[in-house]
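**Q** Here is my input; please provide its structure:
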Amino acid sequence: MPIRNHLTSAQKQQFCQEVSLAHIAFAVVCRAFRISRQTGYKWWRRYQTAGVCALAEQSRRPHRYPSQLHPHWIERIRQTRQRFPRWGAKKIHAWLRGEFPRARRPAVSSIGRVLRRLQLSHPRPRRLCGPVRTWPPFRMARRPNEVWTVDFKGWFRTVDGRRCEPLTVRDLYSRYGLAVCILPDRSEPRVRHQFVRLFRRYGLPHAIHCDQGGPFGSASGPAHLSRLSAWWISLGIEMEYSRRGRPADNGAHEQWHRELKAETARPPAATLAHQQRRSQRWLHHYNHERPHEALGQRPPAQHWRKSSRGYQGIRPPRYPKAWLLRRVQQRGEIYWRGGVRFISEALWGYQVGLRPKGKGVWQVYFYQHLIGELHEPDHSPLRPAQYRHRKRRKKVSVMS
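**A** Numbers count the residues shown, from 1 in each chain. Next up is the predicted model:
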């Protein structure tokens with residue numbers, strides 16, 4: 001393998017002069033300068049073509065770019081962005097597709113690079129991550145009202161064209177259906193009103209199992225808390241969230257949805273009121289008459305009883321005396337160290353506890369839940385805690 005050597009401009013000129021004498025073999029000259037013959041022929045051809053000036057280092061940039069964006073497209077992107085300052089690359093791409101349907105338009109990624117090069121868009125500041133925590137394993141229901149499962153069945157429209165959002169609540173141990181509420185939307189006030197009625201009638205469960213979608217949870221909020229789940233925690237109810245994209249984590253509830261849909265929504269009722277009455281009749285039949293295979297062919301009503309935990313409203317949190325206490329304002333901020341720090345809008349009106357962790361670092365708790373950390377030096381909002389589920393071990397079969 002030949003030894004690579006990088007020649008200076010003076011050495012390249014000397015090499016070409018040695019070759020031009022023609023009394024020494026070309027390979028011998030290359031070995032003397034410790035370069036390959038391929039490199040030697042390259043410098044010799046350049047010297048013959050343009051003289052000593054051609055021996056200088058040249059740019060490796062290609063002479064042409066087959067996929068280079070034409071200047072008129074760059075100008076169109078700039079004009080579109082100035083006309084619609086809040087549009088990003090995707091919307092500009094769709095606009096150009098409508099304005100120039102037959103032209104070969106630049107891709108979304110190319111439009112994004114042009115916007116950044118023209119300094120018409122700037123990347124969003126990255127939100128700093130907080131501590132990583134692991135959710136405890138799902139609670140095993142050994143008695144009634146230990147775990148309630150909650151979900152929204154897929155929406156459909158009644159005969160009069162109104163949107164129908166069935167909210168379903170079920171006891172995990174006894175399979176007793178607590179409610180099928182026909183709602184026009186999934187707004188948090190409507191859902192909370194239905195749960196107030198349920199809690200006053202049946203009492204409180206120890207835990208609620210639901211998915212991370214709204215209004216039960218928040219994908220971007222600290223500890224996945226929403227206004228509704230924060231209210232549940234303030235009542236003394238533990239939260240259990242299914243993993244993303246894993247409906248099997250709440251599989252018994254999903255199976256109940258299939259029965260509900262087959263017997264009450266095919267076909268749908270004329271109005272929301274008619275759909276509610278139909279669902280109530282089916283729920284009474286399911287709880288008191290229909291045998292359930294998992295219960296030994298007995299109806300769920302024979303295994304369910306009312307909860308001993310009565311609904312008493314919000315319970316104030318109890319934090320240790322050494323912690324700092326702050327109340328979350330309407331915009332999700334707290335007053336701290338002569339300024340404001342953003343925590344979460346879902347905790348508006350609640351009191352959080354700040355536990356000193358180290359020099360300039362404070363852990364923020366909402367009741368017993370760690371929701372993030374505050375760092376004094378960076379003056380940034382709350383660094384939300386990242387909650388993850390434990391990875392389940394795969395069963396490995398051992399062949400004999």
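
**Q** C-alpha from now on. contacts and neighbour counts both.
**A** Fine.

**Q** What segments of the stretch 101-250 of the chain are helices?
**A** Read by DSSP state H, counting those that start in this stretch, the stretch 101-250 of the chain holds these helices, from start to end of the chain: 108-117, 188-202, 227-234.

**Q** Most tightly packed of those?
**A** Mean neighbour counts were compared across those using mean count of other Cα atoms under 10 Å; the top stretch is helix 227-234, at a mean of 20.

**Q** Let me have the helices of the stretch 101-250 of the chain in JSON lines, extended by mean pLDDT and distance to Asp151.
**A** As requested, the helices of the stretch 101-250 of the chain are arranged in JSON lines below (pLDDT from 0 to 100; distance: least, Cα to Cα, whole Å):
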{"stretch": "helix 108-117", "mean pLDDT": "91", "distance to Asp151": "37"}
{"stretch": "helix 188-202", "mean pLDDT": "94", "distance to Asp151": "11"}
{"stretch": "helix 227-234", "mean pLDDT": "93", "distance to Asp151": "13"}
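
**Q** closest one to Arg31 among those helices?
**A** helix 108-117 (47.2 Å; Cα to Cα).

**Q** and the helix or strand bottoming out on mean pLDDT in the chain, which strands flank it?
**A** Among the helical and strand segments of the chain, the one scoring lowest on mean pLDDT, DSSP states H and E is strand 132-134, with a mean of 79. Using DSSP bridges, the strands paired with strand 132-134 in its sheet are strand 386-388 (parallel).

**Q** low-confidence ranges in this protein?
**A** The chain contains residues with pLDDT under 70 at 1-5, 125-127, 391-400.

**Q** Could you break it into its assigned domains?
**A** As given by automatic domain parsing, the domain ranges for the chain are 9-55, 71-117, 135-302, 324-388.

**Q** element containing the closest residue in space to Leu204 that isn't next to it in sequence?
**A** Excluding the flanking residues, the one nearest Leu204 by Cα to Cα, 6 or more residues apart in numbering is Arg309, at 5.3 Å. Taking DSSP states H and E as the definition, one finds Arg309 inside no helix or strand.

**Q** Tell me how far Arg309 lies from Arg139.
**A** The span separating Arg309 from Arg139 equals 18 Å under the rule Cα to Cα, to the nearest Å.

**Q** How about His122?
**A** 45 Å.

**Q** again with Gly251
**A** Counting by Cα to Cα, the separation of Gly251 from Arg139 is 14 Å.

**Q** repeat for Gly203
**A** Plainly put, Gly203 is 19 Å away from Arg139 if you go by Cα to Cα.

**Q** Could you do Asn287 as well?
**A** Where Arg139 is concerned, Asn287 sits at a distance of 23 Å (Cα to Cα).

**Q** So these two - more neighbours on which side?
**A** In this comparison of Asn287 against Arg139, neighbours counted by other Cα atoms under 10 Å, the higher total goes to Asn287 at 22 against 13.

**Q** what about the nearest residue to Glu254 once chain neighbours are set aside, neighbour count?
**A** Counting by Cα to Cα, 6+ apart, Glu254 lies nearest to Pro247, which is 7.4 Å off, once chain neighbours are set aside. Taking other Cα under 10 Å as the neighbour definition, Pro247 ends up with a count of 14.

**Q** Could you do Trp336 as well?
**A** 12.

**Q** is it in a bridge, and if so with what?
**A** Where Trp336 sits in a bridge, its partners, by DSSP bridges, are Gly339.

**Q** From Pro381, how far out is it?
**A** 11 Å.

**Q** again with Leu204
**A** Applying Cα to Cα to Leu204 and Pro381 gives a distance of 34 Å.

**Q** now do Ala54
**A** Taking Cα to Cα as the measure, Ala54 and Pro381 are separated by 58 Å.

**Q** ditto for Arg46
**A** From Arg46 across to Pro381, the span is 61 Å (Cα to Cα).

**Q** these two touch, right, Cys16 and Arg45?
**A** No: at 9.5 Å, Cys16 and Arg45 do not qualify as touching, with contact defined as Cα atoms under 8 Å.

**Q** okay, the two: which has more neighbours?
**A** In terms of neighbours (other Cα under 10 Å), Cys16 is the more surrounded of Cys16 and Arg45; the figures are 22 against 14.

**Q** Where does that one sit: helix, strand or coil?
**A** Classification of Cys16 by DSSP: H, G, I helix; E, B strand; the rest coil places it in helix.

**Q** what sits against it?
**A** 43-44, 47 (Cα atoms under 8 Å, 6 or more residues apart in numbering).

**Q** Select only the buried ones of those in PyMOL?
**A** The PyMOL selection below is limited to those of the contacts of Cys16 classed as buried (16 or more other Cα atoms under 10 Å):
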select buried, resi 43+44+47
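
**Q** and which of the contacts of Cys16 is nearest Ala322?
**A** Distances from Ala322 to these, taken as Cα to Cα, are shortest for Trp43 (77.1 Å).

**Q** Correct me if wrong: that closest one contacts Gln14.
**A** No: Trp43 sits out of contact with Gln14 when judged by Cα under 8 Å, with a separation of 11.1 Å.

**Q** How about Thr149, nearest residue that isn't a chain neighbour?
**A** His209 is the one closest to Thr149 (Cα to Cα, 6+ apart), at 4.7 Å.

**Q** thinking again about what came up before, any figure for the gap between the residue nearest to Glu254 and Gln255?
**A** Pro247 sits 10 Å away from Gln255, going by Cα to Cα.

**Q** What ranges does the stretch 101-250 of the chain have for its strands?
**A** In chain order, the stretch 101-250 of the chain shows strands spanning 132-134, 147-152, 156-157, 163-171, 177-183, 207-210, 238-241, with DSSP state E, counting those that start in this stretch as the criterion.

**Q** Mind listing the shared neighbours of Cys16 and Arg45?
**A** Contact criterion Cα under 8 Å, 6+ apart; residues shared by Cys16 and Arg45: none found.

**Q** what does the longest helix seen in the chain contact?
**A** Residue-count comparison of every helix in the chain, with assignments taken from DSSP state H, identifies helix 272-288 as the longest. Applying Cα under 8 Å, 6+ apart, the set of residues contacting helix 272-288 from outside is 158, 162, 164, 176-177, 179-183, 260, 263-264, 268-269, 299-302.
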